[in-house]
Each structure stands twice: as structure tokens, then as C-alpha cells.
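**Student:** Dropping a prediction and its sequence here:
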Amino acid sequence: MVMPAGSRNVYDPRQSRKAEFIQDRLQVLDRLTVESTDLLDVLGQTLHQLTALTAPIHSRATALTNAQQNIAVAKQAVDHLLEHLETSRRVQSVLEAGPGKDLDGFLDALSQLEHSNVFLQQHGSLAAVSQALAHSQQVFNRALEQCDADFRATLAASSRGHAPTTAWLRSNLDADLAVGSPAEATLDLIPSSVLPKLRRMVEIMLEAGYEIAQQGYIQLRDKVLHQALQELGIDSHHPVAAAAVALMGSEVLEKHISGWTTELRAVTLLLVSEQQLAHSIWPSSVSQEVFARLASPHLVNVVQAGRTIVEATRMPDKVFSLLSMHKHLQASLPVLQDLLRGAQGNTDRLLGDLSALLRLISNAAASLFGAYEEGVARDSNKVLPMDGTIHPLTAQVLSYMKRLLSYENAADVMYRSSSGSQVHSEQPDPQDIFPGPPMRTTGSGEAKSALSAGVARLLMQLLDNLEVKSRAYKNDAIAALFLMNNVHYVQWSVENTPAALKLLGEEWLERHKDAVEDWGAKYHDITWMPLVNMLKT
């Protein structure tokens, strides 16, 4: 091959030496790579051998670590168990000292012991626990008894200086508790400074399920209520038997009825304060139940005594006592319903019995009024005033009418039907004992119209009976004078009794004025006409 002019191979020693150097380095690198690989293989084998040698040591170390942790947990559990096992002995001296000296320490120790008892009961399968649990429970029960005893003693001591006085009761018996707030007639039955202590003891005993504390509270407060009623002359623990009430004379029965109305008002008044005290001491979950258990026996006595009185009251003139009973019971019933609202147990039945008693009194009053009206119509007294003046029956009936109309609730009691829903009662239906009026009205105006008709009918029966009695006179002039005087007295009494005049009206009054004039004219005709005729002749 022909080379171009001017070109030829030129040897460069530096490039040659550089190439040889690079080649030598590559050979060295290759050798080092081979040696490193061999070394890594040797190290891998050595590490594998080391791992095989250390595996048993690691397993033993892990087991020892787990064992150590288990020992620590077991030790902690044993310490915890020992602590609960020793709790009863540790707090026993504090609990035996009672809550009087150190209430906070006592209640704290009691709380600790209760917590330990719960723990020991959960571990009752352990042999060492049963004996310790029995001792702990024994100490706990004794402590609860001491707490209950101190609770009763504190409550009793605090009640002595704050019991309702006779003067306070009598001054508030006529308070209208249904109007405004009943708090206006309440009394602080124990000092407020004692309430925190009583509340703490109650809380501890309730948490421990010590229900005897409730019974102790009820017994103490019932004793206070009984003493307050005794100071008013009421023995609520020994009610008068029905047979004894039936044999009472008029005056004794009147006094007994007055005592019943006093008991009703006093019990209602006292229960307002008792409910306030119960809510101040007991938690809301049990306070209403505790109060209802305290109130129920007293209200049962009121219902039973009231029914006994009504069923034994068969004399027509006792309608006024029934009207008074109805007035007081009607005023107290809404207050009692509010006090017992939400309580469990037999309170619904008890409220139903009170409502049934109210209806029984109403029916009895209407029945006695009807019996009195029939008695006036059938009166057969033949003794007549010789001079033709006012007959005793006339005076009696008009006195009865005036007294009846002095009761503002007479119309509603005897002729108006009960409003509101009927609460269940286990007592006999009042209609079965006293039938009452055949038809009751629903409105107050209709009841007054019914009473107006009843009074008008009573006076008509009186005047008809007087006319029959007048026929017994052998002298027609005296008979006419008798009727004129008696009709005039009836007319005058109605005219001068605003309630009667409003009830009977002007038309009735004018009609009887005309009757007075007619009987007067007849008297003049009989007595003076013969003389006039003789003078004329």
C-alpha cells in the first residue's frame, strides 16, 4: 500500500510507558479483587460459625429477660395482693375508733377497705385470701354499723333543737300551700352545718349497699313527726276505731273531725319540710323513695281516719263538718301530689285513696243534704206555738241554710263532678257508700244553679210542711197568723242573707212577699171582718 506523502508511524515513548503502567495497575486490581473475594468468603464462613456459637447464648438471654419480667409482674401482683390482705389490719384501729373523732380519716379508711374487699372477692379462689377476706368483711361490717350509729346519733342530736314547735305549727296550719311556693312555710329541721357530714356518711353507706341506713333515717324522722303531732293533741300511732267513732255523740264527733282536719294540715305542712331535708341528705336517686316511705304511713292514717269519720257521719247536720273536711283535703291534695311525684312503691295507690276520699266526702255531703231535705218534709212535730209565732222547725231550717251558704265550696262539693283523671284506688267506690246526687255538673256556674234549686226546694218543703201543720189550729185566724209570721221570717231571712238572696233571686223574694201579704190579708179578714160587718149593720 502506498502511504500518503508526508505520513509515517512516529514512536512516542511516553504513551508507551503510560499504557504499560495502566496495564500493570489493572493486573494488580484484578489480583486484589480475587483476594478480597476470598477474604469475604472466609469472613462469611467465620460469621456463620460465630452465629451458630452465639445462638444458644441469645436464647438463654431472652428466656432470662422474660423470666425477669415475669418475676417483676408476679412480685408486683403479690405486693398488690399483700397490700389488700393487710388493708383490714392497717385500717382496723382507725375504724374501731369510729367516725366521731376523725370523720375524714374514718371514711377514707372505710373506702380503702371496701376497695380491698372487692379485690379480694375477685381473687377468692386463692387459698390465702378466704381467711383474710372473712376478717376484712367482718371489720367492714362493724365499721358500717358504727357509721350508721354515728349517722343516727348526729341526726337525732341535730334534730332536737330544730324540731317544729307547737307555736310554729299552729301559726302555719292555715297557710295556703297550694298558692305560691311551699318554701314559704318550710322549716330547717337540722342545722345546715351538719348536712355535709351526713351526706358523706350516706354516700359511703349507699355505695356499700348498707340499706339499713335508710330505715334508721325513716324511724328517726317518723319519731320527730309523731312528737310534733302529739304536741297538737294528735296520736297518729293509735287511731280511733270505727266502732268508737260510730258511738260518738255530736259534740265529741265534732271535736274528732276538727282533730282530723288539724292532722291533715299538720302532716301536709310537716311533709313539705321533710321532703326538703330528705333531698338535702340523700342522693337524688333514692331521696324521693326515702321521703315517700316516711310519708306513706302518716297519709294512710289520714285516709283511714277520714273514711271512718265519713262512713260514721249519718246525721244531716254533720254536712258542715264534711264541707270543712273537703275544703282542707282539696287544699292539701295538690301539695301532696307534688310532694310524692316520681316516687316508687305504693304512692300512686295512696294518692288514689286520697282522691277517692275527696269524692267520698263530696257524695256524703250531698247525701246528707238530701236526707235533711227529706227530714224537713217528713217532720211530724205536732207542737205548735199557741200565739202563731215562729215554729222551731222554721228557725232550725233557716239557721241550717245560713250556715250552709257560709261555705263557699258548698255548691262545688255537693253538685260538681271531680275534675282531672281518676287515680287508681283500692278503696270502695264512694258511689257505693253514699249515692250522692243523680247528676253532677261540670261547671261551677251549673253547680251553683243546682244548689239554688236545692235550697229553693228545701224552703218549699219547709213551707209546705208548715201549711200542713197550720191545719192543726182550731182557730183559722191563728193558723193564718202562724203562716204569715213563718213565711215572713223565711222571706226576711233570705232578704238579709246576701248569699241566699243572690242564690234565690229577687223574683223568689217578691213571690214570697206576696204570700206574706196574702196570709196577712186573710188574718185581717178572719179577725176584723165580722166586726166591720156588724158595725155596718
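**Tutor:** Received the coordinates, thanks. Residues are numbered from 1 along each chain as shown.

**Student:** What about Leu217, how many residues nearby?
**Tutor:** Check again: residue 217 is Tyr, not Leu. If you count neighbours by other Cβ atoms under 10 Å, Tyr217 ends up with 24. No exception for glycine: its C-beta is placed from N, CA and C like everyone else's.

**Student:** Hmm, I typed the wrong one, I wanted Leu340.
**Tutor:** Number of residues near Leu340 (other Cβ under 10 Å) recorded here: 22.

**Student:** now swap in the one 3 residues further on and tell me
**Tutor:** Close neighbours of Ala343, defined as other Cβ under 10 Å, add up to 21.

**Student:** where's it relative to Glu495, distance?
**Tutor:** Applying Cβ to Cβ, to the nearest Å, the value for Ala343 to Glu495 is 53 Å.

**Student:** just Lys448 next, same as before
**Tutor:** For Lys448 relative to Glu495 (Cβ to Cβ), the value is 19 Å.

**Student:** Can you pick out the residue with more neighbours from these two?
**Tutor:** Lys448 (18 against 15).

**Student:** Quick check, the more buried one in contact with Val413.
**Tutor:** No: Lys448 is beyond contact range of Val413, at 11.9 Å (criterion: Cβ atoms under 8 Å).

**Student:** For these two, list the residues in contact with both.
**Tutor:** With Cβ atoms under 8 Å, 6 or more residues apart in numbering applied, the contact sets of Lys448 and Val413 do not overlap.

**Student:** Next, name the residue at the spatial heart of the chain.
**Tutor:** Centrality entry for the chain: nearest residue to the mean C-alpha point is Leu340, 1.8 Å, by Cα atoms, centre = their mean.

**Student:** Can you check the pLDDT for that one?
**Tutor:** Predicted confidence (pLDDT) for Leu340: 87.

**Student:** How about Arg200?
**Tutor:** 86.

**Student:** next one: the one 5 residues further on
**Tutor:** Residue-level confidence at Met205 comes out at 84, pLDDT.

**Student:** In contact with it, which residues?
**Tutor:** 144, 147-148, 151, 213.

**Student:** how about a cut-off of 7 Å?
**Tutor:** Met205 makes contacts with 144, 147-148, 213, as judged by Cβ atoms under 7 Å, 6 or more residues apart in numbering.

**Student:** Can you tell me how far Pro471 is from Val376?
**Tutor:** No, residue 471 isn't Pro; it's Arg. Arg471 is 18 Å from Val376, by Cβ to Cβ.

**Student:** my bad, Leu483
**Tutor:** 16 Å.

**Student:** ok, those two, which is more surrounded?
**Tutor:** Between Leu483 and Val376, counted using other Cβ under 10 Å, the more crowded position is Leu483 (25 against 22).

**Student:** Just to check, the more buried one is in contact with Asn465?
**Tutor:** No: if you go by Cβ atoms under 7 Å, Leu483 and Asn465 don't touch, sitting 11.4 Å apart.

**Student:** low-scoring stretches of the stretch 251-400 of the chain, by residue?
**Tutor:** Counting by pLDDT under 70, the low-confidence segments of the stretch 251-400 of the chain come to 345.

**Student:** in the protein, which helix or strand is least confident?
**Tutor:** Within the chain, no helix or strand scores below helix 430-433, which has a mean of 50 by mean pLDDT, DSSP states H and E.

**Student:** What is the subsequent helix or strand relative to that helix?
**Tutor:** helix 444-470 (DSSP states H and E).

**Student:** after that next one, next one along is what?
**Tutor:** Later in the chain than helix 444-470, the nearest helix or strand by DSSP H and E is helix 476-495.

**Student:** can you give me the angle the next helix or strand after that following helix makes with helix 444-470?
**Tutor:** Next in sequence after helix 476-495, counting helices and strands by DSSP H and E, comes helix 498-536. Put simply, helix 498-536 runs at 30 degrees to helix 444-470, going by axes from the mean of the first three to the mean of the last three Cα atoms, to 10 degrees.

**Student:** Buried residues, helix 498-536. List them.
**Tutor:** Buried positions in helix 498-536, judged by neighbour count with 16 or more other Cβ atoms under 10 Å: 499-501, 503-504, 508-509, 512, 515-516, 519-520, 522-523, 526.

**Student:** other SSEs contacting that helix?
**Tutor:** When contacts are defined as 3 or more Cβ pairs under 7 Å, 6 or more residues apart in numbering; DSSP states H and E, helix 498-536 packs onto helix 392-405, helix 444-470, helix 476-495.

**Student:** Comparing those by mean pLDDT, which bottoms out?
**Tutor:** helix 444-470 (a mean of 89).

**Student:** orientation of it relative to helix 476-495 in degrees?
**Tutor:** Relative orientation of helix 444-470 versus helix 476-495 (the same axes, to 10 degrees): 160 degrees.

**Student:** helices or strands up against helix 444-470?
**Tutor:** With contacts taken as 3+ Cβ pairs under 7 Å, 6+ apart, helix 444-470 sits against helix 347-378, helix 392-405, helix 410-415, helix 476-495, helix 498-536.

**Student:** what about 6 Å?
**Tutor:** Here helix 444-470 touches helix 347-378, helix 410-415, helix 476-495, going by 3 or more Cβ pairs under 6 Å, 6 or more residues apart in numbering; DSSP states H and E.

**Student:** Out of the ones you listed, which gets nearest to Arg14?
**Tutor:** helix 347-378 (123.0 Å; Cβ to Cβ).

**Student:** Distance from the chain centre to the closest one, please.
**Tutor:** In terms of Cα atoms, centre = their mean, to the nearest Å, the centre of helix 347-378 is set 26 Å apart from its chain centre.

**Student:** what angle separates that helix from helix 444-470?
**Tutor:** Using the same axes, to 10 degrees, the inter-axis angle of helix 347-378 relative to helix 444-470 is 30 degrees.

**Student:** And helix 347-378, what's buried?
**Tutor:** So for helix 347-378, counting by 16+ other Cβ under 10 Å, buried means 347, 350-370, 372-373, 376.

**Student:** for stretch 271-287, same thing?
**Tutor:** Result for stretch 271-287 [16+ other Cβ under 10 Å]: buried residues 271-278, 281-282, 287.

**Student:** Against which helices or strands is the helix or strand hosting Phe291 packed?
**Tutor:** Using DSSP H and E, the element containing Phe291 is helix 284-312. Using 3+ Cβ pairs under 6 Å, 6+ apart, the elements in contact with helix 284-312 are helix 212-231, helix 242-246, helix 250-281, helix 347-378.

**Student:** Pull the residues that contact the shortest one.
**Tutor:** If I follow you right, that is helix 242-246. 308, 312 (Cβ atoms under 6 Å, 6 or more residues apart in numbering).

**Student:** And it, what's buried?
**Tutor:** Val245.

**Student:** what is the rounded mean pLDDT of it?
**Tutor:** The average pLDDT within helix 242-246 is 81.
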